[in-house]
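Engineer: Got a sequence here, can you build the structure:
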Amino acid sequence: MKKNTIMSITAAAVLSAAVLINPAQDMIRNANRAAGAEVLGDLTYEKSEDHIKITKCDEYAAEKVEIPPEIDGVPVTEIGSGAFSYCYDIEELVVPDSVTVIGEYAFRSCEGMKRITLPAGVKVLPNNVFHNCYDLEEITLPDGLTEIQKNAFYNCKNLKALTLPETVTKIGDFAFAHCVALETVSLPSGLTRISEDLFCDCTALSEIRIPENVTRIGNQAFYLCTSLTEIVFPEAVKTVDTEALRGCSALERIAFRCENPRIEKPGIYGSADPAKTDIEGFLIPNAVVYGTAGSTVETFANSCNFPFKPISELPVTQEPEPAFTYPLAPEGSVFCDADGDGEISPKDAQLVLRYAVDIMAGKTPVWAVLEEQTATTTTTTTAATTTTTAVTTTTTTAVTAETSGNTTAFVTTTTTPPATTTTTATTATFAGTTTTPPAATTTTTATTAAA
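Structural biologist: Okay, the predicted model is just below:
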């Protein structure tokens, strides 16, 4: 009796809860519909005539969540600001190719999300888009991406490696700050500024290559990168802002290929200075500064108690990456004018493609060969080559089948066509050489094919 009473009470409680919850959910759905929003599974969305925007995901959604490419025949093109914020239990999110816009904070604090692939149409990663995605390990960024805004990957504690598309030209402040597991990152060549606190507290970052077009290093850009052993500032760098290398205690080489950069309040020291009473956290005891003698780099080294050596003595661990140039284009010619004729034409595109194909194949680039040929040009004609091929074709056809007793006789026909002669004349052009063609060569090949 007691057991039945308890079960009855429990059932009544569940029923009461359902009665209370269902109207609440209905009220939310009705409010969403009144605001022009609809609900599909865990997703709330706004529908326009030509596109759909995902505005919210149920915070209790778990494991794998797939955003449909379309709803009722209308494409899903946008993920709104904060749409998936605090969805702690989502591990994988599938974003369709139809999506081109992602709002700020869209995936903030999706703490369990491990992987995500962003579609090709996405051009901008907005502020705080993956902020506090602690478990994020894999992310595939589209080749057309152009900008990563501030705090985009802030505190993604399990992200170990990141390759940025070459199309990216701007990265905001703190974009990778506190990514404590980040070991390697490939920065695009079109980047011109290392932003403020970009790699702050990236304690596992052991190597970084600063692109050749970078002109400015932001405040505390590498603050507390305690695994970094070398940093090389390329020739284009004009300014290194305040405390850019503070806390990089493992640095052994600080190299400046740039001749006279402005170094703002470096806040780092090679050894203790009796005149300074509090420099804890500023010491980089094993570092040597490399640069141009008599430059602002040497002044910095001397004032901060670092050993100084000429840049020519820097051990070769990072070869400078020269900016891409068109080998045949004269100085001052129009960008993309590969042949330097003052016009952008299909010929320029052809030269670029040929050059790229040779580079990828490990061959001497076509342009390098063309450059060698521009001084003098003579014409060499190879001898005409005559190839004679005699082809004998045997065709067997059962025309009749006459049977006499146990013997069947077949009639066969054999056809031999006349020999075929092919003559090819080849003319080649080379630089500064003249070759007398050899005597004509005749090759005869006999081939028999039976069917």
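Engineer: Please name the bridge partners of the residue lying closest to residue 300 once chain neighbours are set aside.
Structural biologist: Excluding its sequence neighbours, the residue lying closest to residue 300 (C-beta to C-beta, 6 or more residues apart in numbering) is residue 263, at 4.8 Å. The way it works is simple: take the backbone N, C-alpha and C, and place the C-beta from them, glycine included. Note on residue 263: beta-bridge partners by DSSP bridges are residue 240.
Engineer: Show the residue spans covered by the helices in this protein.
Structural biologist: Secondary structure of the chain (DSSP state H): helices at 2-34, 296-303, 346-360, 366-373.
Engineer: Spatially nearest residue to residue 109 (excluding sequence neighbours)?
Structural biologist: In space, and not counting its chain neighbours, residue 109 is closest to residue 132: 4.5 Å by C-beta to C-beta, 6+ apart.
Engineer: For that neighbour, the count of nearby residues, please.
Structural biologist: 21 (other C-beta atoms under 10 Å).
Engineer: and if you look at residue 117?
Structural biologist: Neighbours around residue 117, by other C-beta under 10 Å: 14.
Engineer: for it, what are its contacts?
Structural biologist: Residues near residue 117 by C-beta atoms under 8 Å, 6 or more residues apart in numbering: 94, 95, 139, 140.
Engineer: Show me what the closest residue to the last one other than its chain neighbours is bridged to.
Structural biologist: In this structure, residue 140 finds its nearest non-sequential neighbour in residue 117, 4.2 Å apart by C-beta to C-beta, 6+ apart. Beta-bridge partners recorded for residue 117 (DSSP bridges): residue 94, residue 140.
Engineer: Show the pLDDT at residue 117.
Structural biologist: Looking at residue 117, its pLDDT stands at 94.
Engineer: and it, how far is that from residue 67?
Structural biologist: As defined by C-beta to C-beta, to the nearest Å, residue 117 lies at a distance of 12 Å from residue 67.
Engineer: Ok, residue 146 next?
Structural biologist: Residue 146 sits 22 Å away from residue 67, going by C-beta to C-beta.
Engineer: Compare these two (neighbour count), which wins?
Structural biologist: residue 67 (21 against 16).
Engineer: hang on, that one packs against residue 76?
Structural biologist: Yes - Residue 67 is within contact range of residue 76, at 6.0 Å (criterion: C-beta atoms under 8 Å).
Engineer: mind listing what residue 184 touches?
Structural biologist: 160, 161, 162, 205, 206, 207.
Engineer: Which of those are buried? Put it as a ChimeraX command.
Structural biologist: If you want just the buried ones from the contacts of residue 184 in ChimeraX, going by 16 or more other C-beta atoms under 10 Å, the selection is:
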select :162,205,206
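Engineer: Can you tell me which of the contacts of residue 184 end up in strands?
Structural biologist: Among those, the ones falling in strands (DSSP state E) are 161, 162.
Engineer: For the contacts of residue 184, could you give me CSV that also reports pLDDT and distance to residue 173?
Structural biologist: Formatted as CSV, these follow (pLDDT from 0 to 100; distance: C-beta to C-beta, whole Å):
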residue, pLDDT, distance to residue 173
160, 96, 22
161, 94, 22
162, 94, 17
205, 98, 17
206, 95, 23
207, 94, 22
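Engineer: Relative to residue 224, which of the contacts of residue 184 is nearest.
Structural biologist: Closest approach between the contacts of residue 184 and residue 224, by C-beta to C-beta: residue 205, at 9.8 Å.
Engineer: Setting aside sequence neighbours, what's the nearest residue to that closest one?
Structural biologist: Residue 205 sits nearest to residue 225 (C-beta to C-beta, 6+ apart), 5.0 Å away.
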